[in-house]
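1. Sequence and computational prediction follow.
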Amino acid sequence: MFVNNKAISKIRFIFLNNSNYLVQVIRKWLNNYFQFSKREFNGLLVLIVLIGMIAVFPTVYRILVPLEGPTVEEQLALLKLELSKEPERVEARSGKHRSYSGLPEKRKSTLFYFDPNSIPSEGWQDLGLSPKQAQAILNYRVKGGVFRLPSDLKKMYTIAPELYQQLEPYIQIVPVEKGADHRDRPAQNFPVKEKVVVALNTADTLELDRIYGIGKVFARRIVAYREKIGGFYKKEQLLEVFGIDSLKYEEIKDQVSVNPALLRMIHINTASAADFNRHPYLSYQQVNAVIAYRKQHGNYSNIADLNKVVILTPELIEKLAPYLIF
């Protein structure tokens, strides 16, 4: 133990002597170019040591404490796996978007000769219709609807003009004798109403109830929705009423009339947020954007100015335009 302590003392003595010698050399070299006091030199020496420790620390830390995580090879493997799944994700996302334009969803179709009065749902789908569109036509037939001419199919709201042009050459309607099929007989389960033409923007629920195919429930819904939007400027807006689908619309569209002059208008340059919020076409955020743009840029001159409000889509502006006054 004595020998060891003696050896350690000797090493410490040599180290201190060498360190002092090294410090003296550095100080002498610096004094050739700069004038430092002893205190300034000691401070500079401490600063150099600290900088050296900071520079070396990341390397030492990585050696002593290896980072946990995937290797480069593992990262490349994960990246390849994600890229291989991307086409499936794109296909899945695109499949979730449904078409509300009246056009059938994009799918493989096969054209063949058919009778629209007898073809089943699977046949309609083979022709390119979606299951929902096929069911709408079947519902029309169940309710007594019958196709007597190929052009009758074009009247169906679920059949887009482009699709009808493709199907028309293949339509072969078998003539049905009167009384031979239940579809030719008028429905007897409901009281027969005399067909009338009712003004949508002025009729009350009693008048609307006179429409063939409209009952008290739909009459109340139509009046309630008319009050929300400020009146109808076209018949197709009836499709926005809850419960009125394309078949119901086809049944009643010729029994109603629309007078756009009776709309409840919105003065776009003076209307308050409350005035805008009454209209169901506009959301809270869209109303705020319209008013903020008006405050910042001044009054709107025409409908084209609304295109400058980024949050408003061209489709929304087109729907809203008949209700606006500039």
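-> Looks like it arrived, so ask away.

2. Please, where are all the strands along the stretch 101-250 of the chain?
-> Ranges of strands within the stretch 101-250 of the chain are 198-199, based on DSSP state E, counting those that start in this stretch.

3. Any regions of it where pLDDT drops low?
-> Applying pLDDT under 70 to the stretch 101-250 of the chain flags residues 101-108, 176-195.

4. All the helices of it, residue numbers only.
-> Taking DSSP state H, counting those that start in this stretch as the test, the helices found in the stretch 101-250 of the chain are 121-126, 131-142, 150-154, 161-167, 205-208, 216-229, 246-252.

5. So for Asn299, which of these sits nearest?
-> Of all the helices of the stretch 101-250 of the chain, helix 216-229 sits nearest to Asn299, with 24.1 Å by C-beta to C-beta. Backbone N, C-alpha and C define where each C-beta goes, glycine included.

6. can I have that closest one written out in CSV, keeping just the CAs?
-> Coordinates of each C-alpha in helix 216-229 appear next as CSV, following Å, rounded to 0.1, in the frame of the first residue of the first chain:
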residue,chain,number,x,y,z
LYS,A,216,-99.8,16.3,-44.1
VAL,A,217,-96.2,15.4,-43.0
PHE,A,218,-94.5,16.4,-46.2
ALA,A,219,-96.7,19.5,-46.4
ARG,A,220,-95.5,20.7,-43.0
ARG,A,221,-91.9,19.9,-43.9
ILE,A,222,-92.1,21.9,-47.2
VAL,A,223,-93.5,24.9,-45.4
ALA,A,224,-90.9,24.8,-42.6
TYR,A,225,-88.0,24.5,-45.1
ARG,A,226,-89.5,27.3,-47.3
GLU,A,227,-89.4,29.6,-44.2
LYS,A,228,-85.8,28.6,-43.5
ILE,A,229,-84.4,29.3,-47.0
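
7. buried sites along that helix?
-> Phe218, Ala219, Arg221, Ile222, Val223, Tyr225, Arg226, Ile229 (16 or more other C-beta atoms under 10 Å).

8. quick revisit: can I get the helices of the stretch 101-250 of the chain in JSON lines with distance to Arg278?
-> Shown next, in JSON lines, are the helices of the stretch 101-250 of the chain (distance: least, C-beta to C-beta, whole Å):
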{"stretch": "helix 121-126", "distance to Arg278": "42"}
{"stretch": "helix 131-142", "distance to Arg278": "33"}
{"stretch": "helix 150-154", "distance to Arg278": "38"}
{"stretch": "helix 161-167", "distance to Arg278": "36"}
{"stretch": "helix 205-208", "distance to Arg278": "21"}
{"stretch": "helix 216-229", "distance to Arg278": "7"}
{"stretch": "helix 246-252", "distance to Arg278": "25"}
